[in-house]
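[1] Structure of the sequence below:
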Amino acid sequence: MKHTHSGETIHFELTYKNRKSIGIHLDRYGNLEVLAPKGTDEESVIRLLEENWDNILLKSNEIKERLNGPQLKTYQPGESFLYLGRSFPIEVHQNPDIEHDHVTLKGNILNVQVKEVEGEQIKQALKRFYYQRCKAIVESSISNHQPYFNTKPRAVRISDSQTTWGTCDGRRQLSFNWKLAMAPRDVIDYVVVHEMCHMVHLNHDRSFWRLVGKIVPDYKEKEQWLAKSSWKMTV
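    Numbers count the residues shown, from 1 in each chain. Predicted coordinates for the structure are as follows:
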């Protein structure tokens, strides 16, 4: 079946079952299924769809975009990049007189200053921006959460890991992925707390998760954000 509302058409499968209420479900591919009690009239189903229309479209598109994977960046003016959970378009300016290629945040724009307007130069300038911002944000977060701990990190570094958001070794050396600068601050705080808790409990045992939950009670929501959004955290 399909229904058009506000200029958008949604295709869905309607199934009648022995149940008390209408349920709306999106499968792993973003396809919509509606489960309705036997005898439910179609108008009731359509009314519920329209009441949840914007949310259905948003979640369906998110799933389909995630399945398509990250799009290759073109580094053209106006292209958007994530920073602290928000999308910012870039402005690219060629300036052969600057000492180093660099990026600054000006209002709602990521201002990219490069000696040569080439994709690789823009990419490297953006990466340096994220490295620097990630280091500053992580160090601030560590300082803010230090009162929860009786021990301190011996070292903190920013990494280019392809597999982890953060690590803590047996010597209390913490490492954080530079792409964290693309996540909201509360998500960054969770990753910082997670690794700081490993200074006390190296394993993911119950004591570890109790300590994490004491400091960040909604940590599962932060993990879900990373799981759903990591595919678009790219330069």
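
[2] Count the neighbours of Leu48 for me.
    For Leu48, the count of nearby residues is 17 (other CB atoms under 10 Å). Any C-beta I mention is one placed from the backbone N, CA and C, and that applies to glycine too.

[3] The closest residue in space to it that isn't next to it in sequence: what's it in contact with?
    Once flanking residues are discounted, Leu48 sits nearest to Ile22: 5.3 Å by CB to CB, 6 or more residues apart in numbering. Shown in contact with Ile22 (CB atoms under 8 Å, 6 or more residues apart in numbering): Val34, Leu35, Ala36, Pro37, Thr40, Ser44, Val45, Leu48.

[4] Next one: Ile22 from Leu49, what distance?
    9 Å (CB to CB, to the nearest Å).

[5] all strands in this protein, in order from the N-terminus.
    2-5, 8-17, 23-26, 32-37, 80-83, 86-94, 102-106, 109-114, 155-159, 166-168, 173-177 (DSSP state E).

[6] Just the local confidence number for Gly69, please.
    Per-residue confidence (pLDDT) for Gly69: 67.

[7] do Lys2 as well
    On the pLDDT scale, Lys2 gets 83.

[8] ditto for Glu223
    95.

[9] now the residue lying farthest from the centre of the chain: how far from Leu14?
    The C-alpha centroid of the chain is most remote from Gly39, which lies 41.5 Å away (CA atoms, centre = their mean). To Leu14, Gly39 is 13 Å away according to CB to CB.

[10] who's in contact with Asp186?
    Lys222.

[11] For the longest helix belonging to the chain, enumerate the helices and strands it packs against.
    Taking DSSP state H as the criterion, the chain has its longest helix at helix 119-145. Judged by 3 or more CB pairs under 8 Å, 6 or more residues apart in numbering; DSSP states H and E, the packing partners of helix 119-145 are strand 80-83, strand 86-94, strand 102-106, strand 109-114, strand 155-159, strand 173-177, helix 185-197.

[12] got a list of what the closest residue to Met182 other than its chain neighbours touches?
    Of all residues not flanking Met182 in the chain, Leu82 sits nearest, at 3.8 Å (CB to CB, 6+ apart). The contact partners of Leu82, by CB under 8 Å, 6+ apart, come to Phe88, Met182, Ala183, Lys232, Met233.

[13] Tell me the pLDDT of Arg206.
    Arg206 is given a pLDDT of 96.

[14] Pull the number of nearby residues for it.
    9.

[15] likewise Ser161?
    There are 14 residues near Ser161, going by other CB under 10 Å.

[16] how close does it get to Ala181?
    From Ser161 over to Ala181 (counting by CB to CB), the distance is 14 Å.

[17] Ok, Ile24 next?
    Counting by CB to CB - Ile24 and Ala181 are separated by 35 Å.

[18] which of those two has more neighbours?
    Ala181 (24 against 18).

[19] What is the neighbour count of the residue nearest to the more buried one when sequence neighbours are not counted?
    Computed as CB to CB, 6+ apart, the closest residue to Ala181 that is not its neighbour in sequence is Cys134, at 4.0 Å. Close neighbours of Cys134, defined as other CB under 10 Å, add up to 21.

[20] What about Glu42, how many residues nearby?
    Residues near Glu42, counting by other CB under 10 Å: 11.

[21] 45 is where my numbering starts, stick with that
    Renumbered: residue one is now 45, and that last one reads Glu86.
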